[in-house]
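Participant: Requesting a structural model of the entry that follows:
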Amino acid sequence: MIGWVVLGLLVLVVVVVAGMYNGLVRLKVQADNAWADIDVQLKRRYDLIPNLVETVKGYAGHEKGTLEAVINARNRAMSATSPGDKAAAENMLSGALKSLFALSEAYPQLRAIESFTSLQNSLSQIEDTVQNARRYYNAVVRDLNTKIQVFPTNLFAGMLGFKTREFFEVSGAAEREAPKVSFTTPAAPTA
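Facilitator: Below is the predicted model:
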C-alpha cells in the first residue's frame, strides 16, 4: 500500500514539474517570436530611413548635421542587440527623426512633395506596428519573468536554464523632449 502512495506521489511530482517546464518553454518560445516580430518591424523602419534622408537632402541638403545624426542613429540602432541597448538606440533614432521632420516646418516645399509625405506616413504606420509589437513582447516577457520567479516554478527554472528577460522599454523622457533644431537660411532646391 505504501508503495502505491509513493508511486502516486512520484507520478504527481513528475506531472507538476513537466507542466512547469512546458509552461516555461511555451513562454520562452513566445518571447523569442515576439522579439523576432519587433526585429522585422524595426528592419522595415531602418530600410525606409535612407529614402527619407535622400528626399530631404534634395531640399534641405545644407542641414547636414541633422541628416548625419539620423544616419548615425540608424546605424547604432541596427547594431544594437539586447533589448536594453536596442531601446536606448531606438530612443536616439526617434529623437533624430523628430529633428528631421521638424525640417519640414522650415521648408514648406518639402511638405508638398508627395514622396516625402508618403514616406512620413509609412514611417508613422511602422511606428504604430513597432509599438504594438513592443507591447506584446513586454507582456510575454512579464509572464515569463513572473513564472520564473514564483513558487514552485522558481525552484526548477534556474536548474533548467531559464533566465528572466529584459523588457523593451522606450524612455518616456526622450519622447517628451522637443527636438532641438537650428535652421540656416533655406537654399533653393537643387535639380
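Participant: any idea which helix or strand comes after the longest helix seen in the chain?
Facilitator: Secondary structure assigned by DSSP state H gives helix 2-60 as the longest helix of the chain. Counting by DSSP states H and E, the element after helix 2-60 in chain order, helix or strand, is helix 64-79.
Participant: Report the buried residues of that next one.
Facilitator: Burial within helix 64-79, assessed by neighbour count using 16 or more other C-beta atoms under 10 Å, is assigned to 66, 67, 69, 70, 73, 74, 76, 77. (Each C-beta comes from the backbone N, C-alpha and C, glycine too.)
Participant: right, and the helix or strand after it?
Facilitator: helix 83-106.
Participant: Show me what counts as buried in that next one.
Facilitator: Buried residues in helix 83-106 (16+ other C-beta under 10 Å): 83, 86-104.
Participant: circling back to that earlier point, for the longest helix of the chain, packing partners?
Facilitator: helix 64-79, helix 83-106, helix 108-111, helix 114-149, helix 153-157 (3 or more C-beta pairs under 8 Å, 6 or more residues apart in numbering; DSSP states H and E).
Participant: Helix 2-60 and the fourth one, what's the angle between them?
Facilitator: Following axes from the mean of the first three to the mean of the last three C-alpha atoms, to 10 degrees, one obtains 160 degrees for the angle between helix 114-149 and helix 2-60.
Participant: tell me which residues in helix 114-149 are buried?
Facilitator: Neighbour-count burial for helix 114-149 [16+ other C-beta under 10 Å]: 116, 119-120, 123, 126, 129-130, 133-134, 136-138, 140-141, 144-145, 147-148.
Participant: Mind giving me the packing neighbours of that helix?
Facilitator: Packing contacts for helix 114-149, counted by 3+ C-beta pairs under 8 Å, 6+ apart, involve helix 2-60, helix 83-106, helix 153-157.
Participant: lowest-confidence stretch among these?
Facilitator: Comparing the helices and strands packed on helix 114-149 by mean pLDDT, the weakest confidence falls on helix 83-106, with a mean of 87.
Participant: quick one, it and helix 114-149 angle?
Facilitator: Using the same axes, to 10 degrees: helix 83-106 against helix 114-149 is 160 degrees.
Participant: For helix 83-106, C-alpha coordinates in CSV please.
Facilitator: Coordinates of each C-alpha in helix 83-106 appear next as CSV, following Å, rounded to 0.1, in the frame of the first residue of the first chain:
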residue,chain,number,x,y,z
PRO,A,83,16.5,44.8,-25.7
GLY,A,84,18.1,47.4,-23.4
ASP,A,85,20.7,48.5,-25.9
LYS,A,86,18.1,48.4,-28.7
ALA,A,87,15.7,50.6,-26.7
ALA,A,88,18.4,53.2,-26.0
ALA,A,89,19.4,53.3,-29.6
GLU,A,90,15.8,53.5,-30.7
ASN,A,91,15.3,56.5,-28.4
MET,A,92,18.2,58.2,-30.1
LEU,A,93,16.8,57.4,-33.5
SER,A,94,13.3,58.7,-32.6
GLY,A,95,14.9,62.0,-31.5
ALA,A,96,16.9,62.3,-34.7
LEU,A,97,13.8,61.5,-36.8
LYS,A,98,11.8,64.2,-34.9
SER,A,99,14.5,66.7,-35.9
LEU,A,100,14.3,65.5,-39.4
PHE,A,101,10.6,66.0,-39.5
ALA,A,102,11.0,69.4,-37.9
LEU,A,103,12.9,70.4,-41.0
SER,A,104,9.6,70.2,-43.0
GLU,A,105,8.3,73.1,-40.9
ALA,A,106,11.2,75.3,-42.2
